[in-house]
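Novice: I'd like to go over a predicted model; first the sequence, then the structure.
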Amino acid sequence: MPVLPIMRHGEPCLKKVSLPVDFATFKKRDIAKLLKNMWSTMYAAKGVGLAAPQIGLNLRLAVIDVRPDGKRQKLVLANPEIISREGDLHEEEGCLSIPGLYAKLTRSAKVTIRAFDEKGEPYEMTGTDLLARAFQHEIDHLDGKLFVDRLDFPEKMKAMQAIRELKKSWI
């Protein structure tokens with residue numbers, strides 16, 4: 001499977017609200033190939049999630065594998081939405097689109113999503129801790145947001161300065 005280029009901070013595709021996946025017009029073969037490429041790209045980058053906008057596609061599609069108990073658990077999120085949130089978790093977060101930057105961010109500690117799998121079948125799932133954060137992080141990408149957009153003003157200013165320095169090494 002090819003490893004696709006990951007869009008970096010500043011690319012316009014990362015700031016767009018993604019269009020829903022239309023399973024009626026999307027050929028199963030095409031979505032299977034796209035998902036294989038997304039998995040390859042995410043694993044090569046050592047990530048736990050990847051959203052279609054991060055590879056330049058304006059689709060509400062993401063993949064997640066937080067490897068519970070050290071085993072792969074490949075989750076496909078097509079047209080996901082958060083239907084409930086509980087608690088707060090303040091942890092360090094990073095992003096494949098901003099390599100080298102990590103910042104503490106408050107997210108919900110428990111999240112339930114509704115989405116479709118790779119076959120277009122609907123499902124609901126509840127995640128806690130890292131999975132809850134991954135759900136929120138990837139859905140943010142589909143809504144045109146990066147994790148730095150959720151930082152408070154002073155932290156966001158620090159992050160933007162760090163991004164300016166990091167971009168020198170991305171070239």
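Specialist: Nice, I can see it.
Novice: can you pull the contacts of the closest residue to Phe116 other than its chain neighbours?
Specialist: Of all residues not flanking Phe116 in the chain, Ala78 sits nearest, at 4.1 Å (Cβ to Cβ, 6 or more residues apart in numbering). Yep, even glycine has a C-beta here, placed from its N, CA and C like the rest. Ala78 sits next to 21, 23, 60-61, 115-118, 120 when contact means Cβ atoms under 8 Å, 6 or more residues apart in numbering.
Novice: let's see it at 6 Å
Specialist: Contact analysis of Ala78 by Cβ atoms under 6 Å, 6 or more residues apart in numbering lists 21, 61, 115-116.
Novice: again with Cys13
Specialist: 7, 53, 56.
Novice: try it again with 7 Å
Specialist: Contacts for Cys13 (Cβ atoms under 7 Å, 6 or more residues apart in numbering) come out as 7, 53, 56, 58.
Novice: low-scoring pLDDT stretches of this structure, where are they?
Specialist: Applying pLDDT under 70 to the chain picks out residues 1, 171.
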